[in-house]
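Student: structure, please.
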Amino acid sequence: MAQTEAQKRAQQKYNAKNKEKRKVTSYRNSARTFIRSYATEADLVEFEALIKERHRINKLLNRLDGVRAYMNDPQFLKDAQVEIEIWRRPVDLLTDRLENGGTDQDWQAWFDKKIAPKFSKEEPVVEITHNGKHRFYNGNRAYDILDWLD
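Tutor: Model prediction:
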């Protein structure tokens, strides 16, 4: 049965509002179809490694909730003179530096030397600035350092 014009408009409106949700659903369905119907043994071994890495990243993201708790405590930040920024992925840090870091530094070279070798592409980065010095940590390490500062 054909859609009415009102149904088409409603579908377009829903699609526009839910692009990310639809993209994730599509990727999930494609992955399931591939695994069930086409994956070779080598593919499955590769996927197992990817899944283990994703578990590690998700654990880091969950630990960042503790870092966010410190961020929401104004007394801690005032006393410790600490600024905290959390980047979901290293590339988000680079993008911010390119957009807001000024032009007096080659941010891509800085990123390639200081950040990229220390973090996987999907690993969250916590930037802690204390007394004007910037340090970069993964979620677990940043949590441990902040716990020590407290």
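Student: going forward, measure contacts and count neighbours with C-alpha atoms only.
Tutor: Will do.
Student: which helix in the chain runs the most residues?
Tutor: When the chain is scanned for its longest helix (criterion: DSSP state H), the result is helix 41-71.
Student: got a list of what Q81 touches?
Tutor: Going by Cα atoms under 8 Å, 6 or more residues apart in numbering, Q81 touches H130, N131.
Student: re the thing from before, helices or strands up against the longest helix of the chain?
Tutor: helix 74-80, helix 139-149 (3 or more Cα pairs under 8 Å, 6 or more residues apart in numbering; DSSP states H and E).
Student: and the residue nearest the centre of the chain?
Tutor: Nearest to the mean C-alpha position of the chain, by Cα atoms, centre = their mean, lies R88 at 2.5 Å.
Student: for this structure, list the residue farthest from the centre, please.
Tutor: Distance-from-mean max, the chain, by Cα atoms, centre = their mean: M1 at 42.5 Å.
Student: still on that earlier bit, what is the mean pLDDT for the longest helix of the chain?
Tutor: On average, the pLDDT along helix 41-71 is 84.
Student: what residue ranges in this protein score low on pLDDT?
Tutor: 70-72, 74-80, 140, 142-150 (pLDDT under 70).
Student: for R88, grab phi and psi.
Tutor: Here is the backbone geometry of R88 (degrees, to the nearest 10): phi -60, psi -40.
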